[in-house]
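Engineer: show me how the following folds:
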Amino acid sequence: MAQTRIAPPAARHEGQWAFDEQREPLNGNEKLKQEDDGLNVRHRIETIYAQQGFDSIPGDDLRGRMRWWGLYTQRKPGIDGGKTATLEPHELEDSYFMLRVRCDGGTLTLGQLRTVAGISREFGRDTADITDRQNIQLHWVRIEDVPEIWRRLESVGLTTQEACGDVPRVIIGSPVAGVAADEIVDGTPAIEEIHRRYIGDPAFSNLPRKFKTAISGSPHQDVAHEINDVAFVGVVHPELGPGFDVWVGGALSTNPMLGKRLGAFVTLEQIPDVWVGVTSIFRDYGYRRLRTRARLKFLLADWGPELFRQVLEEEYLGWTMADGPAPPPPPTGRRDHVGVHPQKDGRFYVGAAPTVGRVSGPLLDAVADLVDAAGSDRVQLTTEQKLVVLDVAADRVDALVEGLEALGLQVRNASTFRRGTIACTGIEFCKLAIVETKARAALIIGELEQRLPTFDQPITINVNGCPNSCARIQTADIGLKGALAGGEEGYQVHLGGGLGLTSGLGKTLRGLRVPSSELPDYLERVTRRFDEQRLEGELFAEWVHRAAEEDLR
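Structural biologist: Got it, this is the predicted structure:
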């Protein structure tokens, strides 16, 4: 096969490694990575920093390489959002860490769940948050305790390796992979193989920026594939049978772009090789001059899907992927897996809704006891900050549901607001945040449940503390981005975004920033108008794009 070669740029180059003369680091981040692989920081943490304490950590490791092992310094308490952009990093940060535990595919065994719960209780002041990328984040972690935390996690098959940094992040997958009655194909073997072969491989530990992967064979498209750098979406090929459609170049942040189909069909067995090819293109051709343009989405926007596929096949794979069909629209209805659902083997899975993913060590311990009593060994985390217990026998479902709901985890009667609201970490712990998120979102849920007790239409409310969109504000029915409004904490509003059936980016209304104190009133007002004006079967995002502007304010 004749290879396609991309010519070096004629003008200012972007620091792309594919052109050998352009390996010179063009910014501080690239210089830091060139000087020492982020994976190497673990040895220093174990032998120096954990022994000598926080003050022994130099800045390049503290605010750079330690991310390769899931560690970020957390925000110092008491610093208001108005100072976020004016203070230096050392003025914002506390001497404690957020530690991110990667749960590829969202999977936790009973033993792993108990281990995380114990670490939360002993080392994290009972903190634990389920993220919208199926990780668990702990807070208040001391550097002195990190080696013991790693030992406990790794003893049960968990890791924090490459949970952060310019690396392949956690691979998200369907939380009901392998058990859902309507599943097209189970993507779990590909997730496990990629993790086994490539996570921690120095060949991929210096990418231009973070790299996100999603693999799901669910017809419900339950992993937000449109906003991942590479995604594999379950489809049925008319001749080749079940497999995956390949998507590339999705990401949000301050320049949101939805992924694009390559028009290529791959089998389950081919996924790891295609993943390596796409990741290698990003490593070699990705832009490294400016951090703001160092995501794969910018390369894809410049190349287009056809050229990207050609380079992937000719320069990296050495074989041609089959052309394939686009995935059909997902079924109508919710895809958060909350409630009680039959598995294909006659057992059931039970999905529960904590409030915006906030749990705790004691709560996880109690969940583990219930899971054990139900005869299960598997808990799954979802991209909606929920958890799902798999493999529950019919005669144990009611006891499990009763126990989960007694813990405050809603199952059968979860309100649409509890099911549909997610939130990022926010100003409580995040150095980038401007506003509170978790507590604010919990308040919103409570208010809307009281004010609109009979409202049952699916609606998503995503609350984010800054413009970086960790909580996917641009793809929510109602996205709330932290901002200052009239001198007080408030939110810029994005309306009408969505994934799946309503896949697209939300719109903002000129001048609309809602102070925190007015947020419940605003959300009630817009939700009531939707309920009054919606057509039969119409979704919130569809209504937004036809509604009069005054009805959206």
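Engineer: separation between residue 483 and residue 286?
Structural biologist: Plainly put, residue 483 is 30 Å away from residue 286 if you go by C-beta to C-beta, to the nearest Å. Glycine gets a C-beta too; all of them are placed from N, C-alpha and C.
Engineer: of those two, which one has the most company?
Structural biologist: residue 286 (25 against 19; other C-beta atoms under 10 Å).
Engineer: my read: that one touches residue 296, true?
Structural biologist: Yes: using C-beta atoms under 8 Å, residue 286 makes contact with residue 296 at a distance of 6.3 Å.
Engineer: name the helix or strand for residue 288, please.
Structural biologist: Assigned by DSSP states H and E, residue 288 belongs to no helix or strand.
Engineer: neighbours around it, how many?
Structural biologist: Residues lying near residue 288 (other C-beta under 10 Å) number 28.
Engineer: chain neighbours aside, what residue packs nearest to it?
Structural biologist: Closest residue to residue 288 apart from its sequence neighbours, by C-beta to C-beta, 6 or more residues apart in numbering: residue 15 at 3.4 Å.
Engineer: assign the one you found to helix, strand or coil.
Structural biologist: Under the three-state scheme (DSSP: H, G, I helix; E, B strand; the rest coil), residue 15 adopts coil.
Engineer: separation between it and residue 60?
Structural biologist: Applying C-beta to C-beta to residue 15 and residue 60 gives a distance of 19 Å.
Engineer: neighbour-wise, which of the two wins?
Structural biologist: It is residue 15, of residue 15 and residue 60, that has more neighbours when counted by other C-beta under 10 Å, with 21 against 16.
Engineer: OK, contacts around that one?
Structural biologist: Contact partners of residue 15, counting by C-beta atoms under 8 Å, 6 or more residues apart in numbering, are 22, 24, 25, 26, 30, 287, 288, 289.
Engineer: same check on residue 127?
Structural biologist: Residue 127 touches 120, 137, 138, 139, 140, 360, 361, counting by C-beta under 8 Å, 6+ apart.
Engineer: which one of those residues is nearest residue 44?
Structural biologist: The nearest member of the contacts of residue 127 to residue 44, counting by C-beta to C-beta, is residue 138 at 21.1 Å.
Engineer: could you find the closest non-adjacent residue to that closest one?
Structural biologist: Nearest non-adjacent residue to residue 138 (C-beta to C-beta, 6+ apart): residue 124, at 4.0 Å.
Engineer: can you give me phi and psi for the one you found?
Structural biologist: Dihedral angles of residue 124 (phi, psi; degrees, to the nearest 10) stand at phi -120, psi 20.
Engineer: give me every residue that touches it.
Structural biologist: Per C-beta under 8 Å, 6+ apart, neighbours of residue 124: 99, 138, 139, 140, 141, 361.
Engineer: narrow those residues to those in strands?
Structural biologist: Using DSSP state E, the members of the contacts of residue 124 that fall in strands are 99, 138, 139, 140, 141.
Engineer: any idea how many residues pack against the closest residue to residue 107 other than its chain neighbours?
Structural biologist: With C-beta to C-beta, 6+ apart as the criterion, residue 107 has its nearest non-adjacent residue at 6.1 Å, and that residue is residue 380. Counted with other C-beta under 10 Å, the neighbours of residue 380 add up to 24.
Engineer: start to end distance for stretch 531-545?
Structural biologist: Using C-alpha to C-alpha, to the nearest Å, the span of stretch 531-545 from its first residue to its last is 15 Å.
Engineer: what's the mean pLDDT across it?
Structural biologist: The average of the pLDDT scores along stretch 531-545 is 96.
Engineer: let me know the helix or strand that the closest residue to residue 199 other than its chain neighbours is in.
Structural biologist: Computed as C-beta to C-beta, 6+ apart, the closest residue to residue 199 that is not its neighbour in sequence is residue 162, at 5.6 Å. Under DSSP H and E, no helix or strand contains residue 162.
Engineer: quick one, what contacts the most centrally placed residue in the chain?
Structural biologist: Residue closest to the mean C-alpha point of the chain, counted by C-alpha atoms, centre = their mean, is residue 133 at 2.7 Å. Counting by C-beta under 8 Å, 6+ apart, residue 133 makes contact with 169, 170, 172, 212, 383.
Engineer: among the residues you listed, who's most crowded?
Structural biologist: Of the contacts of residue 133, residue 172 is surrounded by the most neighbours, 29 neighbours in total, counting by other C-beta under 10 Å.
Engineer: contacting residues for that one?
Structural biologist: 104-106, 133-134, 212-216, 223-224, 228, 383.
Engineer: cool, residue 164 as well?
Structural biologist: 67, 68, 69, 70, 71, 72, 100, 210.
Engineer: now do 7 Å
Structural biologist: 67, 68, 70, 72, 100 (C-beta atoms under 7 Å, 6 or more residues apart in numbering).
Engineer: how about the helices in the stretch 251-400 of the chain?
Structural biologist: Ranges of helices in the stretch 251-400 of the chain, per DSSP state H, counting those that start in this stretch, are 271-285, 296-303, 305-311, 361-373, 397-406.
Engineer: tell me which of the ones you listed lies nearest to residue 531.
Structural biologist: Using C-beta to C-beta, the nearest of those to residue 531 is helix 397-406, at 26.5 Å.
Engineer: what about the residue nearest to residue 288, distance to residue 385?
Structural biologist: The separation that residue 15 has from residue 385, given C-beta to C-beta, amounts to 36 Å.
Engineer: what does residue 281 give?
Structural biologist: For residue 281 relative to residue 385 (C-beta to C-beta), the value is 31 Å.
Engineer: again with residue 88
Structural biologist: Residue 88 is 32 Å from residue 385, by C-beta to C-beta.
Engineer: check residue 337 too.
Structural biologist: 12 Å.
Engineer: make a markdown table out of the helices of the stretch 251-400 of the chain and add mean neighbour count.
Structural biologist: Formatted as a markdown table, the helices of the stretch 251-400 of the chain follow (neighbours: other C-beta atoms under 10 Å):
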| stretch | mean neighbour count |
| --- | --- |
| helix 271-285 | 21 |
| helix 296-303 | 20 |
| helix 305-311 | 17 |
| helix 361-373 | 19 |
| helix 397-406 | 17 |
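Engineer: residue 39: which of those helices is closest?
Structural biologist: Taking the helices of the stretch 251-400 of the chain one by one with C-beta to C-beta, helix 271-285 is closest: 14.8 Å.
Engineer: which elements pack onto that closest one?
Structural biologist: helix 188-198, strand 211-216, strand 230-237, strand 241-248 (3 or more C-beta pairs under 7 Å, 6 or more residues apart in numbering; DSSP states H and E).
Engineer: what's the most buried one of these?
Structural biologist: When the helices and strands packed on helix 271-285 are scored by mean count of other C-beta atoms under 10 Å, the highest mean neighbour count falls to strand 211-216 (a mean of 27).
Engineer: any idea of the mean pLDDT in that strand?
Structural biologist: For strand 211-216, the per-residue pLDDT averages 98.
Engineer: pairing partners for that strand, with directions?
Structural biologist: Each strand paired with strand 211-216, and its direction, by DSSP bridges: strand 168-173 (parallel), strand 230-237 (parallel).
Engineer: could you report the neighbour count for the residue nearest to residue 36 when sequence neighbours are not counted?
Structural biologist: Leaving aside its sequence neighbours, residue 36 sits nearest to residue 65 (C-beta to C-beta, 6+ apart; 6.8 Å). Around residue 65 there are 24 other residues, counting by other C-beta under 10 Å.
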